[in-house]
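> Sequence first, predicted coordinates after that:
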Amino acid sequence: MTDDIRSIPRPLVRTNQWIIVLSVVLTWISGIEWLLLIPLLAGLSGLLFGFNPDCKTIFKERA
């Protein structure tokens, strides 16, 4: 049994939370419901394809 703890980096979690909050607020303001697809598609792409657009955003900011 391995003792490696796999965790999600905190900046990735924070960025993901902000994207969710901003998309909900923009949906409330604009009334355009399809804006809620942005965090949904980002999460699904991470689960299905191993590609997370949020992660790309974080690494671009650090570089």
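Structure received.

> from here on, contacts and neighbour counts on C-alpha atoms
Fine.

> What is the subsequent helix or strand relative to the biggest helix by length in the chain?
For the chain, the longest helix by residue count, based on DSSP state H, is helix 10-30. Next helix or strand after helix 10-30 toward the C-terminus (DSSP states H and E): helix 37-49.

> What is the neighbour count of I20?
With neighbours defined by other CA atoms under 10 Å, the count for I20 comes to 18.

> So it sits against A42, correct?
No: applying CA atoms under 8 Å, one finds I20 not in contact with A42, separated by 10.1 Å.

> Could you list the low-pLDDT ranges of this structure?
Counting by pLDDT under 70, the chain shows low-confidence ranges at 1-2, 54-63.

> Tell me how far the residue most central in space within it lies from L48.
When CA atoms, centre = their mean is applied to the chain, the residue found nearest the centroid is N16 (3.3 Å). Using CA to CA, to the nearest Å, N16 is found at 17 Å from L48.

> again, but for L26
In terms of CA to CA, L26 sits 26 Å off from L48.

> ok so, going back, just the CA atoms of the longest helix of the chain, as CSV, please.
Output of helix 10-30 as CSV, limited to C-alpha atoms (Å, rounded to 0.1, in the frame of the first residue of the first chain):
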residue,chain,number,x,y,z
ARG,A,10,-4.9,25.2,-3.7
PRO,A,11,-4.6,27.7,-6.5
LEU,A,12,-6.5,25.4,-8.8
VAL,A,13,-9.3,25.0,-6.3
ARG,A,14,-9.4,28.8,-5.8
THR,A,15,-9.5,29.5,-9.5
ASN,A,16,-12.2,26.9,-10.0
GLN,A,17,-14.3,28.5,-7.3
TRP,A,18,-13.9,32.0,-8.7
ILE,A,19,-14.9,30.8,-12.2
ILE,A,20,-18.1,29.2,-10.7
VAL,A,21,-19.0,32.3,-8.7
LEU,A,22,-18.3,34.7,-11.6
SER,A,23,-20.4,32.6,-14.0
VAL,A,24,-23.3,32.5,-11.6
VAL,A,25,-23.1,36.2,-11.0
LEU,A,26,-22.9,36.9,-14.7
THR,A,27,-25.9,34.7,-15.3
TRP,A,28,-27.9,36.5,-12.7
ILE,A,29,-27.0,39.9,-14.2
SER,A,30,-27.4,39.0,-17.9
